[in-house]
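K.L.:
just coords:
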C-alpha cells in the first residue's frame with residue numbers, strides 16, 4: 001500500500017538504493033568536519049562578526065558555541081530515531097509533519113545552490129590575491145566543476161579525499177592560532193568590555209547586546225555542518241549507534257578549533273579600526289603575526305580548505321534532495337529525477353547536476369558579498385525547526401528506538417530555540433523578509449498538496465531496523 005501511495009503522490013514505486021555500508025564512522029566524521037571546516041569558517045565569517053560586534057566577536061562565538069552544543073544534541077537524538085539520507089529534512093517531516101518537512105526541503109534547496117557558490121568564490125578571491133591573472137568568477141566556476149566531478153564518483157574514495165585535505169586544513173588553522181596567541185597586541189578586555197571602531201578615525205565605542213547578537217548568526221554559520229553525518233546514514237556502518245557520536249564529536253572539534261582561532265586573532269589585533277575596515281581582516285592579522293611569506297603559505301592552506309568545504313557540503317545536499325524525491329515531495333517527474341541513483345557509483349547524480357548549474361551560475365555572475373548573513377538566517381530557521389522537532393519527538397514517539405538520549409532534556413533544544421529566536425530578532429530586515437517569502441511560498445505549496453504528500457513518505461531500514469512510522 002505504501003508503494004502505491006508513493007506512486008500516486010508522484011513518488012516512485014521502488015527507490016533505488018545508495019551504497020549501503022560504503023562508509024565507516026571515521027569517513028563520515030571526516031566529511032562532517034570538512035563540511036564545517038574550521039579554517040574556511042573563520043576566514044569566511046570573521047570579518048562579518050568583527051564588523052557587527054568588534055572585539056565582541058569572541059562573545060558571539062561563545063554564545064554561538066553554546067547554541068551549537070544544544071543543536072548538536074538535538075540532531076544526535078532525533079537523528080538516531082529517524083536515520084535517513086534526508087537528515088534534518090526527514091527529522092522535521094517525521095516529527096512536525098510533511099508540510100514542515102517540505103518547507104525544510106526547500107530551505108535546503110536554497111542553501112544548496114548558494115552556500116557552495118559563496119565558498120568557491122571566496123576561495124577564488126583568495127587565489128586571485130596570490131595569482132592576479134586568475135579571474136575570480138571563472139576560477140570559482142572551474143572549482144565548482146571539479147567539485148561536481150568528484151561528487152559524482154563513489155562516496156568511499158571521495159570521503160578519503162576530503163579527509164586528506166581536512167588534515168592539512170586543521171594543521172593550517174592550528175599554526176595560525178599559535179602565531180596569533182604568540183603576538184598579543186589588543187588593549188582592554190574583550191570579554192568584559194567589548195568595543196568596536198566607528199567613524200573615519202576609528203573611534204572605539206562599547207558594543208551593545210543587539211550588535212553582539214547580530215554577530216551570533218555568522219558564528220552559527222561558521223559552526224554549521226556538524227549534522228552532516230546524518231545525511232550518510234544509509235551509506236554508513238553502525239549508523240544508529242555511531243552517527244550521533246559523530247555529530248557531537250564534529251560539533252566539539254568545530255567549537256574548539258574555531259573559538260581558539262577567533263580568540264587568538266582578536267587578541268593579536270594591533271589597530272581595530274584598520275583591521276575592521278580591511279576586506280580580509282584575518283589575512284591582515286596573519287601578515288602581522290606570520291610575515292608576508294607566512295601569510296601567503298597560510299592562504300594556500302585556506303584555499304585548499306575552502307575547496308574541501310565545498311566538496312563536503314555538496315555531497316550532503318544531493319542526498320537531501322534524493323530523500324525528498326523518494327518521499328514524493330517534488331512536483332511530478334522531479335521526484336524520479338532527484339531520486340535517481342547511478343547504477344555504477346550509487347550516488348544521486350541528477351541532484352549534483354542541479355547543484356552544479358545553480359552554484360555555477362552564481363559563481364560567474366555574482367560576488368555574493370551579502371550572502372553570508374542571508375544563508376546564516378536560513379540555517380538558523382532550520383535549527384529552529386529541528387530543535388522544535390527534538391521536543392515534539394519525545395512526546396509523539398515515546399517508544400521510538402534512540403541510541404542517544406540527550407542529557408538534561410529539554411534544556412538543550414530550549415537553549416537553542418531561545419538563542420536562535422534572539423539572534424533572528426536582530427538580523428537585517430531584508431534577509432528576514434526574503435526568508436519569510438521563501439517560507440510562505442513553500443508552506444503554501446505543500447499545504448495545497450495536502451494528502452498527496454502525507455501518503456508519500458518512505459521508511460528506510462537502517463541496519464535492518466526500520467524507523468518508526470509517521471503518526
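P.N.:
Thanks, I have it. Computed from a predicted model, the values in this text were never measured in an experiment.

K.L.:
Mind jotting down where the strands sit in the stretch 351-471 of the chain?
P.N.:
For the stretch 351-471 of the chain, the strands defined by DSSP state E, counting those that start in this stretch cover 461-462, 465-466.

K.L.:
tell me, which of these is the model least confident about?
P.N.:
Lowest mean pLDDT within the strands of the stretch 351-471 of the chain: strand 465-466, a mean of 38.

K.L.:
Spell out, range by range, the helices that occur in the stretch 351-471 of the chain.
P.N.:
Per DSSP state H, counting those that start in this stretch, the stretch 351-471 of the chain carries helices over the ranges 371-396, 411-425, 429-449, 451-454.

K.L.:
now residue 246, nearest residue through space, not along the chain?
P.N.:
Excluding the flanking residues, the one nearest residue 246 by Cβ to Cβ, 6 or more residues apart in numbering is residue 229, at 3.9 Å. For the C-beta atoms, the positions are set from N, CA and C on the backbone; glycine is no exception.

K.L.:
next one: residue 247
P.N.:
Per Cβ to Cβ, 6+ apart, closest to residue 247 is residue 76, 4.5 Å.

K.L.:
hang on, isn't residue 255 packed against residue 66?
P.N.:
No - the criterion here is Cβ atoms under 8 Å, and residue 255 misses it with residue 66 at 9.1 Å.

K.L.:
and the gap between residue 150 and residue 347?
P.N.:
Here residue 150 is placed at a distance of 11 Å from residue 347 (Cβ to Cβ, to the nearest Å).

K.L.:
I should have written residue 256 there, sorry.
P.N.:
Here the criterion is Cβ to Cβ. By it, residue 256 lies 32 Å from residue 347.

K.L.:
follow-up on the earlier one: in this structure the residue nearest to residue 247 contacts residue 248, no?
P.N.:
Yes - shown here, residue 76 and residue 248 form a contact pair, counting by Cβ under 8 Å, at 5.5 Å.

K.L.:
Between these two, tell me which one has more neighbours.
P.N.:
Applying other Cβ atoms under 10 Å to residue 76 and residue 248 shows that residue 76 carries more neighbours, namely 28 against 19.

K.L.:
ok, so what distance separates that one from residue 249?
P.N.:
Remark: distance between residue 76 and residue 249 (Cβ to Cβ) = 10 Å.

K.L.:
For the closest residue to residue 65 other than its chain neighbours, which three-state class applies?
P.N.:
Computed as Cβ to Cβ, 6+ apart, the closest residue to residue 65 that is not its neighbour in sequence is residue 255, at 4.4 Å. Using DSSP: H, G, I helix; E, B strand; the rest coil, the secondary structure recorded for residue 255 is helix.

K.L.:
go on, the one 4 residues further on?
P.N.:
Three-state call for residue 259 (three-state DSSP): helix.

K.L.:
List the contacts of it.
P.N.:
Shown in contact with residue 259 (Cβ atoms under 8 Å, 6 or more residues apart in numbering): 58, 61, 62, 65.

K.L.:
how about the residue of the chain most remote from its centre, what does it touch?
P.N.:
Residue farthest from the centre of the chain, counting by Cα atoms, centre = their mean, is residue 201 at 36.8 Å. Applying Cβ under 8 Å, 6+ apart to residue 201 gives the contacts residue 273.

K.L.:
Any figure for the gap between it and residue 56?
P.N.:
Taking Cβ to Cβ, one finds residue 201 at 20 Å from residue 56.

K.L.:
What of residue 146?
P.N.:
Distance of residue 146 to residue 56, computed by Cβ to Cβ: 38 Å.

K.L.:
more crowded one of those two?
P.N.:
Neighbour count, other Cβ under 10 Å: between residue 146 and residue 56, residue 56 has more, with 30 against 13.

K.L.:
Got the confidence number for the spatially closest residue to the more buried one that is not a sequence neighbour?
P.N.:
Leaving aside its chain neighbours, residue 56 sits nearest to residue 194 (3.3 Å; criterion: Cβ to Cβ, 6+ apart). pLDDT, residue 194: 93.

K.L.:
Do I have it right that residue 194 meets residue 59?
P.N.:
Yes - in this structure, residue 194 is within contact of residue 59 by Cβ under 8 Å, at 6.2 Å.

K.L.:
what's the overlap in contacts for these two?
P.N.:
By Cβ under 8 Å, 6+ apart, residue 194 and residue 59 have these common neighbours: 53, 212.

K.L.:
what ranges of the protein fall below the confidence cut-off?
P.N.:
By pLDDT under 70, the weakly predicted segments of the chain are 1-16, 200, 367-372, 454-471.

K.L.:
again, 50 this time
P.N.:
Residue ranges of the chain with pLDDT under 50: 1-13, 464-471.

K.L.:
Other residues contacting the strand or helix carrying residue 33?
P.N.:
Using DSSP states H and E, the element containing residue 33 is helix 25-36. By Cβ under 8 Å, 6+ apart, the list of residues contacting helix 25-36 from outside reads 156, 159-160, 162-163, 165-166, 169-170, 223-229, 232, 236-238, 242-243, 245-247, 249-250, 253-254, 308-309, 311-313, 315-316.

K.L.:
Over to stretch 275-283?
P.N.:
42-43, 46-47, 50-51, 54, 126, 129, 176, 196-197, 202, 265, 269, 284-285, 295, 299.

K.L.:
Give the buried residues for it.
P.N.:
For stretch 275-283, a neighbour-count test (16 or more other Cβ atoms under 10 Å) marks 275, 276, 280, 281, 282, 283 as buried.

K.L.:
Also stretch 395-404?
P.N.:
Within stretch 395-404, the residues that qualify as buried are 397, 400, 402, 403, 404, counting by 16+ other Cβ under 10 Å.

K.L.:
Mind putting those into a markdown table with distance to residue 449?
P.N.:
Putting the buried residues of stretch 395-404 into a markdown table (distance: Cβ to Cβ, whole Å) gives the following:
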| residue | distance to residue 449 |
| --- | --- |
| 397 | 24 |
| 400 | 26 |
| 402 | 31 |
| 403 | 33 |
| 404 | 33 |
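
K.L.:
Can you tell me which of the residues you listed is nearest residue 38?
P.N.:
Of all the buried residues of stretch 395-404, residue 404 has the smallest distance to residue 38: 23.8 Å, by Cβ to Cβ.

K.L.:
measure the nearest residue to the closest one once chain neighbours are set aside to residue 83 for me?
P.N.:
Sequence neighbours aside, residue 244 is the residue nearest to residue 404 in space, at 3.8 Å (criterion: Cβ to Cβ, 6+ apart). Going from residue 244 to residue 83 by Cβ to Cβ gives 9 Å.

K.L.:
Also residue 159?
P.N.:
Per Cβ to Cβ, residue 159 is found 18 Å from residue 83.

K.L.:
Over to residue 388?
P.N.:
Distance of residue 388 to residue 83, given as Cβ to Cβ: 20 Å.

K.L.:
Of these two, which one has the most company?
P.N.:
Set residue 388 next to residue 83 and count neighbours by other Cβ under 10 Å: residue 83 wins out with 29 against 18.
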